[in-house]
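Engineer: dropping the sequence and predicted coords here.
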Amino acid sequence: EPEVTQTPSHQVTQMGQEVILRCVPISNHLYFYWYRQILGQKVEFLVSFYNNEISEKSEIFDDQFSVERPDGSNFTLKIRSTKLEDSAMYFCASSGFDEQFFGPGTRLTVL
Amino acid sequence: RKEVEQDPGPFNVPEGATVAFNCTYSNSASQSFFWYRQDCRKEPKLLMSVYSSGNEDGRFTAQLNRASQYISLLIRDSKLSDSATYLCVVNRGGLTGGGNKLTFGTGTQLKVEL
């Protein structure tokens, strides 16, 4: 069964450093998403991406965040200058015209 | 008012019990509704979509009441493996998932015990 994959599974970084979280969506999907979940809190939408551009973003997704689909398979989330409050589980998801499939997540710890 | 509101639980039930979860949503323009399951520190996984007519999948039954902006999930004959957090999820788009953000509730924790 096709699945969304994410790397790394756990990323530890120092405050102020840049991080790139990587995702490989399901190959025939058209829509890509990033969500985050702070420990003990709900899953929150960050951004959706379609046809090589952002289709929607939340207020969390400020100018410190960016997304890119650098080739035909990867979808990345970059945080330019990490803050302590960016510590969370980051889930990538992809979809066709129905169910969104989630990857296993990257746990980001900012020290 | 929260966009999607759920009782966080935990619901501790014996194996074999029937348990029901409820959820309310605030945006009347919401079009698609789902229950996701999330195991500890894992990704959300779709359990079932929720339709106005109600739908059933084995031991799981979901209901939607648009007038009351209320969604429910009923689990019959609970198994130990049903222990997880159940997330009520709403999508304002007409398509069930394509291109539209999902709005999650905080989840209801279920613990099924021997």
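Structural biologist: Noted; the coordinates are in hand. Residues are numbered from 1 along each chain as shown, chains lettered A, B, ... in the order given.
Engineer: check contacts around residue 109.
Structural biologist: You didn't pick a chain, so chain A it is. Applying Cβ atoms under 8 Å, 6 or more residues apart in numbering or on different chains to A:T109 gives the contacts A:H10, A:Q11, A:V12, A:T13, A:S87. Every residue, glycine included, has its C-beta placed from N, CA and C.
Engineer: meant chain B actually
Structural biologist: Applying Cβ under 8 Å, 6+ apart, the residues near B:Q109 are B:P8, B:G9, B:P10, B:F11, B:A84, B:T85, B:Y86.
Engineer: re earlier: so which of the contacts of A:T109 belong to strands?
Structural biologist: Among the contacts of A:T109, the members falling in strands (DSSP state E) are A:H10, A:Q11, A:V12, A:T13.
Engineer: surely B:S53 is within a helix?
Structural biologist: No - read with DSSP: H, G, I helix; E, B strand; the rest coil, B:S53 is coil and lies in no helix.
Engineer: I figured A:G16 hits A:S81, correct?
Structural biologist: Yes - A:G16 is within contact range of A:S81, at 5.3 Å (criterion: Cβ atoms under 8 Å).
Engineer: which pLDDT value belongs to the most centrally placed residue in chain B?
Structural biologist: Against the mean C-alpha coordinate of chain B, by Cα atoms, centre = their mean, the closest residue is B:W35 at 3.3 Å. Looking at B:W35, its pLDDT is 96.
Engineer: that older thread, now pLDDT, distance to chain B and neighbour count too, for the ones in strands among the contacts of A:T109, in TSV please.
Structural biologist: Below are the ones in strands among the contacts of A:T109 laid out as TSV (pLDDT from 0 to 100; distance: Cβ to the nearest Cβ, whole Å; neighbours: other Cβ atoms under 10 Å in any protein chain shown):
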residue	pLDDT	distance to chain B	neighbour count
A:H10	97	11	10
A:Q11	97	15	17
A:V12	98	16	13
A:T13	98	19	16
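Engineer: quick check: bridge partners of the spatially most central residue of chain A?
Structural biologist: Centroid-nearest residue in chain A: A:W34, 3.6 Å away (criterion: Cα atoms, centre = their mean). Counting by DSSP bridges, A:W34 forms beta bridges with A:V47, A:C92.
Engineer: give me the pLDDT for it.
Structural biologist: We have a pLDDT of 98 for A:W34.
Engineer: ok, the one 4 residues further on next?
Structural biologist: We have a pLDDT of 97 for A:I38.
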